[in-house]
Every structure is written in C-alpha cells, then in structure tokens.
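# the sequence and its predicted three-dimensional model are supplied below.
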Amino acid sequence: MNSPTPARRQGAHRSGRSVVSAVMPSLLAVVAVAALITSLAVWRGQDPVQPQAAAATTTSTPASREALSQAPNPSSTKTSPSALATVPVTTAPVTTAPARSTLRDVQVVVLNQTSRAGLASRVADTLRADGWTVAAVGNFHGIVPATTVYYPPGEELAAQTAAEDLQATPRIRPRFGNLSTSRLTVVVTDSYPG
C-alpha cells in the first residue's frame, strides 16, 4: 500500500528579507513627512530656528503707523482709476535690524583659554568701553580652536556686534554644551592679540 503524499503548499512561503529592507519603507515615509513639513514652513516664510526674526520684520515704525491711520479706507471711498494713477505712493522705511545699543543689552561672559593671566579681564574692559555689560570673567577648561563669540538662540546679531567691538575678528558660533542660554560667551584663545 502506498501512503498518500502530502500536498505541497504553493504561494505561502516567506522570502528571506532582511530587517533593513523591512524597515526601509517606514523610514522613507518618515523622511518624506519631515521634508514636507519643512518645505511648508519655508513656503509660508517661517523660520523655525529664529522666530524672533519673523516678528521683527512684521512690526511697523511709528511713521508707517501714522501714515496708515491717515490713509483713506479704500472700501469707504470710490476713486476713479485715473485718480489713482496720479496719487503719489510713499512708504516709510521699515528697519528689520535692531539698533546696536539694543544689541548691547545682552550680557556677556568672557572666558580665557590661554595661559596669559588677565587676558579675559582686558577683553572684558574692551567690551565694557563699547557699552557691553560683562556679567562674568573666568577661565575656559576646554579646547576651542580660535577666539569665538558663542550666542544663545536668537542672539546672532548681538554676537556679530560684539565680534566687531573686539580687537581681533573672532569666529561666531551658536552656543554648545553648558555655555549660557541667555548671554553671549566670548572664549579668548591664543589667536587673540595682546
């Protein structure tokens, strides 16, 4: 007697896919969504890194507010197209960059990475002479390749102003690690003259 042969299953087998090829579609979907969100923010003119910059550009100057309040309401008056062509258009300039004195309102910490005693104090005196408030002076126990002004979020313009006020032209970089989250930090290295 012949025993019956078991039937072969067809089409229900697993392929030898690796974990990477199984996860790849999900990873690509996440990257696509992130790219879509970023492009929408850019398209709308928003800067997710520096929201203060967008707010500064939308404020109007007192002169432009006065001009707007004196302008006639276009919906309440009817003007012929020929009259519109003869009306001179004047606009008040809008300043997007804050004044240098406002930028100097940010406090500064000066740290010395060199073996030259008193260098941080001399740099602090230079900044104070230009109107900066130096909150602290000390030593830096790390390795920075060149004299650098580190800034907290939203204070890049203040860092550029501080860099211009120093005797050397330091690098300007965003803060890192445990540097101040509200003050500029100037790390003075051997590249600083004096």
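Here it is on my side, so go on. Values in this document were obtained by computation on a predicted structure and should not be read as measured data.
# give me the distance between the residue nearest to residue 134 when sequence neighbours are not counted and residue 107.
Using Cβ to Cβ, 6 or more residues apart in numbering and skipping residues adjacent in sequence, the residue nearest residue 134 is residue 124, 4.3 Å away. C-beta coordinates here come from the backbone N, C-alpha and C atoms, glycine included. The gap separating residue 124 from residue 107 is 11 Å, by Cβ to Cβ, to the nearest Å.
# just residue 148 next, same as before
The gap separating residue 148 from residue 107 is 17 Å, by Cβ to Cβ.
# next: residue 185.
Separation of residue 185 from residue 107 (Cβ to Cβ) stands at 10 Å.
# right, and residue 124 touches residue 133 too?
No: contact between residue 124 and residue 133 fails when scored by Cβ atoms under 8 Å: they sit 10.1 Å apart.
# shared neighbours of these two, anything?
Shared contacts of residue 124 and residue 133, defined by Cβ atoms under 8 Å, 6 or more residues apart in numbering, comprise residue 108.
# so between those two, which is more surrounded?
Neighbour tally, residue 124 and residue 133, criterion other Cβ atoms under 10 Å: the higher count belongs to residue 124, 21 against 12.
# buried ones in the helix or strand where that one lies?
In the assignment (DSSP states H and E), residue 124 maps to helix 119-129. Within helix 119-129, the residues scored as buried using 16 or more other Cβ atoms under 10 Å are 119-120, 122-124, 126-127.
# so which of those is the closest to residue 103?
Nearest to residue 103 among those, counting by Cβ to Cβ, is residue 127 at 12.3 Å.
# report the separation between the closest one and residue 108.
Plainly put, residue 127 is 6 Å away from residue 108 if you go by Cβ to Cβ.
# next: residue 122.
Separation of residue 122 from residue 108 (Cβ to Cβ) stands at 14 Å.
# out of residue 148 and residue 107, which sits in the busier spot?
Between residue 148 and residue 107, residue 148 has the larger neighbour count (other Cβ under 10 Å), namely 21 against 15.
# if I look at that one, how far off is residue 140?
For residue 148, the distance to residue 140 - Cβ to Cβ - is 10 Å.
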